[in-house]
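# Here is a sequence with its predicted model. Questions after.
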Amino acid sequence: MTPQVDTFARDNLPPRAQLPEFRFELPELNYPDRMNCAVELLDRWIAGGRGDAPCLIAPNETLSYAQLAQQVNRIANVLTRMLGVLPGHRVLLRGPNNPMMVAAYLAVIKAGGIVVATMPLLRAKEIAYPIGKAKIHLALCDHRLADEMEKARALAGDLERVIYWGGGGADALETLMATPRYESFAPCDTASDDVCLIAFTSGTTGEPKGTMHFHRDILATCDSYGRHVLRAEARDRFIGSPPLAFTFGLGGLVLFPLRVGAASILIEKASPEDLLAAIDKFRATIVFTAPTAYRAMLAKLREHSSLRKCVSAGEALPKATFDAWLAATGIKILDGIGATEMLHIFIGATEEEIRPGATGKPVPGYEARVVDTDGKELPPNSIGRLAVRGPTGCRYLADKRQRHYVQNGWNVTGDTYLMDADGYFWYQARSDDMIVSAGYNIAGPEVEAALLEHPAVAECGVVGAPDEERGQIVKAYVVLRGGHSGDAATTKLLQEHVKATIAPYKYPRTIEYVSQLPRTQTGKLQRFELRRMAADTASHKLAS
């Protein structure tokens, strides 16, 4: 029986017939019917006498497990006593990777609410979409992100109130948290299959999909990948570059460290240079980042690094990067593939089992196979679609695309793979039109929509072009309106326009001007032809 008074999330789960088959074959994945994952991640360490252990380390503060728990309790009291949050309510969180963002995350869940986190780089239009889709009435936001937040509020009719932190004032979150007797909070008695997180991801159409995750899912990723592949210990210090709004970042910087009683180092700016400096300063032992960052850090590595484990996801890890990092550090990068729909990594390998160039094998608790277009399992060494199932799986929020992702009880991830005779999975390509650049998923149609808002653009098509450094870059093919010339000034103008319209990392790094776009007889854009053109251009550059 769920305590969630607001049943919006449960009411909008996919029909049972469209859900994947969930597998709980490992004993550690069999959770009790009643469970609040925030209690399991945080409060149990205090109950076990480890409240003084360091939990969150930031440049300006360090919080022990007990101190973080008190912050979480204070925010949970503010949410429920002052802001009217009831079990099942969705709360938008908006902030960089800092302790307050983590505290707010855990507080919403402890209070029985549902977290919807957004990346700091998103623009108003991109923030407004999840607010409307998930019917969000309240947002907690870092005051430095107020500009786009207020613009989003104007666009999103559902949002009734925004509480800011970090800026001071009578209605600032910190002021409300200081209310006497708010240091204790009885956790909401949630069911293990209550929704506690809606993580939005972009699809090939550019319209984000809300993926719904239960309390048990949060722990399942820790007790599968975290326990059996990562194998971290309480003495570890985690660090990484992905935002907490990415489930890759949530797992690597919050879930995995807190599940084992370790510490997480949170830095708001995480360029390769910033990441290296913080690794050295805070003596990090486990890092989560994308292959692009590992390549960039290679030239500046210190000889005696504190690192002992390095995790890569977000894009395929090139064997050359794996080899170069191993030569420089003696550490084998743990490659893996995950998905927002699955919450985190479901194929990977321990250091002992790594086969350079391969993603790995199914994480204990998961099954994976390569299937044809009809969903039939293919024999080893065949190229086909990746299908996976386990303790987590796809549950889209009121979205017809559920039927495409879940087929015959399996999650079909949109990746093309080959499985060899030894059961190792080898990445081939994305099956859809998603561009994966330096670990970021970018939907080509979203960039097209932004470009088309500029008066100089008549038509455009956006695809991923091969790039040695970033894996792929965003490339736009543009047909200009009369009176405009395809010169460097126009390119700069269009790039700046995209940066101002959507998240800046999505802008087209290359623009090629064409007289017409390849289309079908019915007028549909042939993106596969644009991809071929982009690949040919890239190969010619390499050849020259």
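Here it is on my side, so go on. Numbering: from 1, shown residues only.
# Quote the end-to-end distance of stretch 30-38.
17 Å (Cα to Cα, to the nearest Å).
# Pull out the buried positions in that stretch.
By 16 or more other Cβ atoms under 10 Å, the buried positions in stretch 30-38 come out as Y31, M35, N36, C37, A38. Bear in mind the C-beta positions are built from the backbone N, C-alpha and C, glycine included.
# For the longest helix seen in the chain, buried residues please.
When the chain is parsed with DSSP state H, its longest helix is helix 527-543. Neighbour counts using 16+ other Cβ under 10 Å place R527, E529, L530, R531, M533, A534, A538 of helix 527-543 among the buried residues.
# Let me know the helix or strand that the closest residue to P504 other than its chain neighbours is in.
Computed as Cβ to Cβ, 6 or more residues apart in numbering, the closest residue to P504 that is not its neighbour in sequence is L121, at 6.2 Å. Assessed by DSSP states H and E, L121 sits outside every helix and strand.
# Wait, N36 touches A191, no?
No: the pair N36 / A191 is not scored as a contact, 9.3 Å apart, by Cβ atoms under 8 Å.
# Next up, the contacts around P96.
P120, D142, R144, P243, E268 (Cβ atoms under 8 Å, 6 or more residues apart in numbering).
# so the third one makes contact with G166?
It refers to R144. Yes: the criterion here is Cβ under 8 Å, and R144 meets it with G166 at 6.8 Å.
# shared neighbours, N36 and A191?
Common contacts of N36 and A191 (Cβ under 8 Å, 6+ apart): H215.
# how close does A263 get to F246?
20 Å (Cβ to Cβ, to the nearest Å).
# again with Q428
Q428 is 23 Å from F246, by Cβ to Cβ.
# So which of these two has more stuff around it?
F246 (25 against 15; other Cβ atoms under 10 Å).
# Name the nearest residue to the more buried one, ignoring sequence neighbours.
With Cβ to Cβ, 6+ apart, the residue lying closest to F246 is M119, at 7.3 Å.
# Any figure for the gap between the residue of the chain most remote from its centre and E459?
Most distant residue from the mean C-alpha position of the chain: G483, 41.8 Å away (Cα atoms, centre = their mean). Distance, G483 to E459, using Cβ to Cβ: 16 Å.
# Send over stretch 443-456 as CSV, restricted to the C-alpha atoms.
In CSV, the C-alpha atoms belonging to stretch 443-456 read as follows (Å, rounded to 0.1, in the frame of the first residue of the first chain):
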residue,chain,number,x,y,z
ALA,A,443,19.0,15.2,-30.1
GLY,A,444,19.6,16.5,-33.6
PRO,A,445,16.0,17.6,-34.1
GLU,A,446,16.2,19.9,-31.1
VAL,A,447,19.2,21.7,-32.6
GLU,A,448,17.4,21.9,-35.9
ALA,A,449,14.5,23.5,-34.2
ALA,A,450,16.8,26.1,-32.6
LEU,A,451,18.5,26.9,-35.9
LEU,A,452,15.2,27.2,-37.7
GLU,A,453,14.2,30.0,-35.3
HIS,A,454,16.9,32.2,-36.9
PRO,A,455,15.6,34.3,-39.8
ALA,A,456,18.7,33.4,-42.0
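# center of this structure, which residue is that?
F246 (2.1 Å).
# Quick check on that one: phi, psi?
Main-chain dihedrals, F246, degrees, to the nearest 10: phi -80, psi 140.
# ditto for the one 4 residues further on
Main-chain dihedrals, L250, degrees, to the nearest 10: phi -60, psi -50.
# Buried residues, stretch 131-138. List them.
I131, K133, A134, K135, I136, H137, L138.
# wait, stretch 259-272
Buried residues in stretch 259-272, counted by 16+ other Cβ under 10 Å: R259, V260, G261, A262, A263, S264, I265, L266, I267, E268, A270, P272.
# Check the separation of the first and last residues in it.
By Cα to Cα, one end of stretch 259-272 lies 27 Å from the other end.
# Report the rounded mean pLDDT for that stretch.
Stretch 259-272 carries an average pLDDT of 96.
# now swap in stretch 317-336 and tell me
If you average the pLDDT values across stretch 317-336, you get 92.
# Tell me which stretches of the stretch 101-250 of the chain form strands.
Secondary structure of the stretch 101-250 of the chain by DSSP state E, counting those that start in this stretch: the strands cover 114-118, 138-142, 161-165, 195-202, 208-214, 237-240.
# could you give the mean pLDDT of the shortest one?
Same thing as strand 237-240. Mean predicted lDDT for strand 237-240 stands at 98.
# list the helices and strands that strand packs on?
strand 263-265, helix 272-282, strand 286-289 (3 or more Cβ pairs under 8 Å, 6 or more residues apart in numbering; DSSP states H and E).
# do the same with the longest one
Under the contact definition 3+ Cβ pairs under 8 Å, 6+ apart, strand 195-202 sits against helix 8-11, strand 114-118, helix 124-133, strand 208-214, helix 215-221, strand 440-443.
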